[in-house]
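**Student:** Give me the fold of what follows.
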Amino acid sequence: MNKLIHIGFGNIVNTEKIIAVVSPDSAPVKRMVQHAKESGMAIDATQGRKTKSVLVMENSQLVLSALLPETIANRAQTENGEINEA
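**Tutor:** I've put the predicted structure just below:
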């Protein structure tokens, strides 16, 4: 069964399709997001708020979230039965 996690504001993604969760602050990630927006491969799940993380999916889509990458990673680990003892 697919495991789903909440990425903010009622938006949910399949954890099995996530390749990486990265911060949008670096220039390469900004270029990647801009290219994805231009080609229609970006999904904006921020509800108009500042993008704090970018989820890179298996099918080359990017999901923009207003939650911090650490928050999303912790939720994904908790959903998989792993406990993060940070």
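
**Student:** Per-residue pLDDT of Ser60, please?
**Tutor:** pLDDT, Ser60: 95.

**Student:** what do you get for the one 3 residues further on?
**Tutor:** For Val63, the model assigns a pLDDT of 98.

**Student:** Quick one: residues contacting it.
**Tutor:** Contacts for Val63 (CB atoms under 8 Å, 6 or more residues apart in numbering) come out as 7, 13, 42-43, 45, 54-55, 57. To be clear about C-beta, it is placed using only N, CA and C from the backbone, and glycine gets the same treatment.

**Student:** Tabulate these (TSV), appending secondary structure and distance to Ile19.
**Tutor:** Shown next, in TSV, are the contacts of Val63 (DSSP: H, G, I helix; E, B strand; the rest coil; distance: CB to CB, whole Å):
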residue	secondary structure	distance to Ile19
Ile7	strand	15
Val13	strand	12
Ala42	strand	15
Ile43	strand	14
Ala45	coil	17
Val54	strand	11
Leu55	strand	8
Met57	strand	7
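
**Student:** can you pull out the strands in this structure?
**Tutor:** Counting by DSSP state E, the segments of the chain that form strands are 4-8, 11-14, 18-22, 42-44, 53-57, 62-65.

**Student:** Which residue lies nearest the spatial centre of this structure?
**Tutor:** The residue lying closest to the centre of the chain (CA atoms, centre = their mean) is Leu55, at 2.7 Å.
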